[in-house]
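**Student:** could you work out the structure for the sequence below:
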Amino acid sequence: MGFAARLIAALPRVQLRSFRSRLLAATATLLLGFVVLGGVALEKAFESALLQSQQDKLEGLIYALLAAASTNRQGELTITLDAVPDRRLREPLSGLQAALFDERGVMVWASTQELQATPPSKPAVGEWRFEHLRKPDAFRLSFGLRWIDSDGNEPRLFTVSVIDNTASYERQAQVYRRTLWGWLGATAASLSIGLLVILRWGLLPLRRIGDELHRIEKGEQGEILGEYPDELKPLTRDLNAMIVSERSQQTRYRNALGDLAHSLKTPLAVLRGLGSDQEIPDPQRLQLDEQLSRMHHIVDHQLRRAAAVGSRTLTEPVALKPLSDKIMQALAKVYSERAIRFENELDVNLRQRADQGDLYEMLGNLLENAAKYGQQRVRLSAQNEARLTLLHIDDDGPGWPDEPQKLLQRGVRADTRKPGQGIGLAAVHEIVQAYGGELRFGHSPLGGARISLVLPSR
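**Tutor:** Residues are numbered from 1 along each chain as shown. Reported below is the predicted structural model:
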């Protein structure tokens, strides 16, 4: 797995629903990773170069010390500091010190009397040994040498060491570090702004498609009209074809169903007229009326079932409160003798993406059932639940019978004393299923029955 793949895999596992957010998160993570890694690499490279520079400086100083070395009257090796160009060796508190150790590790010469240096690990003749001391915080460079004097004495082994504190090194590293990360931060910010502008410009066609689809849902235009890049032309073409196909198919369905209803209306009326003929014996006339009623309700149910639009794409959400107000006003006139009080608690901003005719059918049947079996009050309310819209219809009637789910079967009625055919709840249930929803039965806070119409809120 490459570096980029590892960075993407390390992205926080959060739900980024926006395509732009996903791209921004991925590019920002990659950019941050490369900036951090690049900054660390540059910082390490500078520290290595700075350490090498420090070592080179100390090497030059050791060469200068060796050039100033000589044998004194007692035959001991010593170094004349006046001949060394770096004057800091002659200043006790400068932080730069030098020492000379013999083969036994005994310090035989020091640049200052205050120097209490521990002997270094003995390097071989001609070997350089560079160390970073922690106590005190300093750099030490040691060099092993063999000294042969001019008097012909036996050669002796010495180690010359130079110790320099890290103040200069730390100061340079800190300045570089501050400059480096300042510029890297400014560069990362500039690149982030540039990436944001590029992403916004690159995703502009998708945003324009989304705006056009929103206008189509609101009914402000009929299809996608804009010009888009070649990569999006197949998408816009297929979307337009889908829109046209769906609308033409719906129109054909409605026209065909209207023709079917009109063609069946006359034959049924004729048969009902024939069934009223007094010459037909009563048993046969009653049987004929019963079968004609069944045919009428079967045809009505099938037409209503086929006309149910169901869940459709690119439709404008319907405001539920004005629609339910109209239904309640109509029902209030129908049940005016019983003085049923209808209470509409829906929010004026509540909308549902569905066909208006289907919503009339569902809410009309459920509110009418509540008014039919309720005593004095019918209430409509709503709530949201995990991307679902729940419409509650409550009444103050006797409540549901045992096993209310059976009422969703065609022809099953809760109370045979009330007029009706027992197909209202079944018809609503079929329309609700077409939208991927459900009907829930419960106990009403008003004391009667509650039925909840559950639809995807989308």
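**Student:** what sits up against stretch 204-215?
**Tutor:** Phe19, Gln221, Ile224, Leu225, Gly226, Tyr228, Pro229, Leu232, Leu235, Thr236, Leu239, Leu314 (Cβ atoms under 8 Å, 6 or more residues apart in numbering). Just so you know, the C-beta spots here come from the backbone N, C-alpha and C atoms, and that holds for glycine as well.
**Student:** give me the below-cutoff pLDDT ranges for the stretch 101-250 of the chain.
**Tutor:** Applying pLDDT under 70 to the stretch 101-250 of the chain picks out residues 114-117, 150-152, 250.
**Student:** just the contacts of stretch 204-215 now: which is nearest Leu184?
**Tutor:** Leu184 lies nearest to Phe19 out of the contacts of stretch 204-215, by Cβ to Cβ, at 28.9 Å.
**Student:** surely that closest one meets Leu199?
**Tutor:** No: the pair Phe19 / Leu199 is not scored as a contact, 9.6 Å apart, by Cβ atoms under 8 Å.
**Student:** domain map for this protein?
**Tutor:** The chain breaks down by automatic domain parsing into domains covering 68-165, 233-307, 318-456.
**Student:** out of the ones you listed, which is the most enclosed?
**Tutor:** Highest mean neighbour count among those (mean count of other Cβ atoms under 10 Å): domain 318-456, with a mean of 17.
**Student:** quick one: average pLDDT of that one?
**Tutor:** For domain 318-456, the mean per-residue pLDDT is 84.
**Student:** stretch 280-295 too?
**Tutor:** According to the model, stretch 280-295 has a mean pLDDT of 73.
**Student:** give the contact list for the closest residue to Ser452 other than its chain neighbours.
**Tutor:** Excluding its sequence neighbours, the residue lying closest to Ser452 (Cβ to Cβ, 6 or more residues apart in numbering) is Arg440, at 4.1 Å. Residues near Arg440 by Cβ under 8 Å, 6+ apart: Leu390, Ile451, Ser452, Val454.
**Student:** centre of the chain to the helix ranked longest in the chain, how far?
**Tutor:** In the chain, with assignment by DSSP state H, the single longest helix is helix 19-67. Distance, stretch centre to chain centre, for helix 19-67: 35 Å (Cα atoms, centre = their mean, to the nearest Å).
**Student:** which strands and helices sit next to that helix?
**Tutor:** Helix 19-67 sits against helix 3-9, strand 96-102, strand 128-133, strand 138-147, strand 156-165, helix 167-202, with contacts defined as 3 or more Cβ pairs under 8 Å, 6 or more residues apart in numbering; DSSP states H and E.
**Student:** ok, the very next helix or strand once past it: who's next to it in the sheet?
**Tutor:** For helix 19-67, the succeeding helix or strand toward the C-terminus, using DSSP states H and E, is strand 69-71. When pairing is defined by DSSP bridges, strand 69-71 lines up against strand 77-79 (antiparallel).
**Student:** quick check: buried residues in stretch 52-60?
**Tutor:** Neighbour-count burial for stretch 52-60 flags Gln54, Lys57, Leu58 (criterion: 16 or more other Cβ atoms under 10 Å).
**Student:** contacts for that stretch next, please.
**Tutor:** Stretch 52-60 has contacts (Cβ under 8 Å, 6+ apart) with Trp128, Phe130, Phe139, Leu141, Phe143, Val162, Asp164, Tyr169.
**Student:** distance to Leu213 added to those residues, as CSV?
**Tutor:** Formatted as CSV, the contacts of stretch 52-60 follow (distance: Cβ to Cβ, whole Å):
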residue, distance to Leu213
Trp128, 74
Phe130, 70
Phe139, 69
Leu141, 73
Phe143, 79
Val162, 77
Asp164, 72
Tyr169, 63
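**Student:** of those residues, just say which sits nearest to Ala319.
**Tutor:** Nearest to Ala319 among the contacts of stretch 52-60 is Tyr169, at 73.8 Å by Cβ to Cβ.
**Student:** and that closest one, what does it touch?
**Tutor:** Taking Cβ under 8 Å, 6+ apart, we find Tyr169 in contact with Leu50, Leu51, Gln54, Phe139.
**Student:** with the contacts of stretch 52-60 in mind, which one is nearest to Ile280?
**Tutor:** Tyr169 (119.2 Å).
**Student:** circling back to that earlier point, mind listing which of the contacts of Arg440 are in helices?
**Tutor:** The members of these all map outside helices under DSSP H.
**Student:** now, among these, which is nearest to Lys406?
**Tutor:** Nearest member of those to Lys406, counting by Cβ to Cβ, is Ile451, at 13.9 Å.
**Student:** where do the strands sit along the stretch 301-450 of the chain?
**Tutor:** Listed in chain order, the strands of the stretch 301-450 of the chain (DSSP state E, counting those that start in this stretch) span 318-319, 341-344, 351-352, 377-384, 388-395, 438-443, 449-456.
**Student:** save the ones you listed as JSON lines, and put in distance to Val35 too.
**Tutor:** Below are these laid out as JSON lines (distance: least, Cβ to Cβ, whole Å):
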{"stretch": "strand 318-319", "distance to Val35": "51"}
{"stretch": "strand 341-344", "distance to Val35": "58"}
{"stretch": "strand 351-352", "distance to Val35": "46"}
{"stretch": "strand 377-384", "distance to Val35": "43"}
{"stretch": "strand 388-395", "distance to Val35": "45"}
{"stretch": "strand 438-443", "distance to Val35": "52"}
{"stretch": "strand 449-456", "distance to Val35": "44"}
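**Student:** for Thr112, which of those strands is the nearest?
**Tutor:** Nearest of these to Thr112, taken as Cβ to Cβ: strand 377-384 at 82.6 Å.
**Student:** centre of the chain to the closest one, how far?
**Tutor:** For strand 377-384, the distance to the chain centre is 34 Å (Cα atoms, centre = their mean).
**Student:** helices and strands around it, which ones?
**Tutor:** So strand 377-384, by 3+ Cβ pairs under 8 Å, 6+ apart, packs with helix 320-334, strand 341-344, helix 356-373, strand 388-395.
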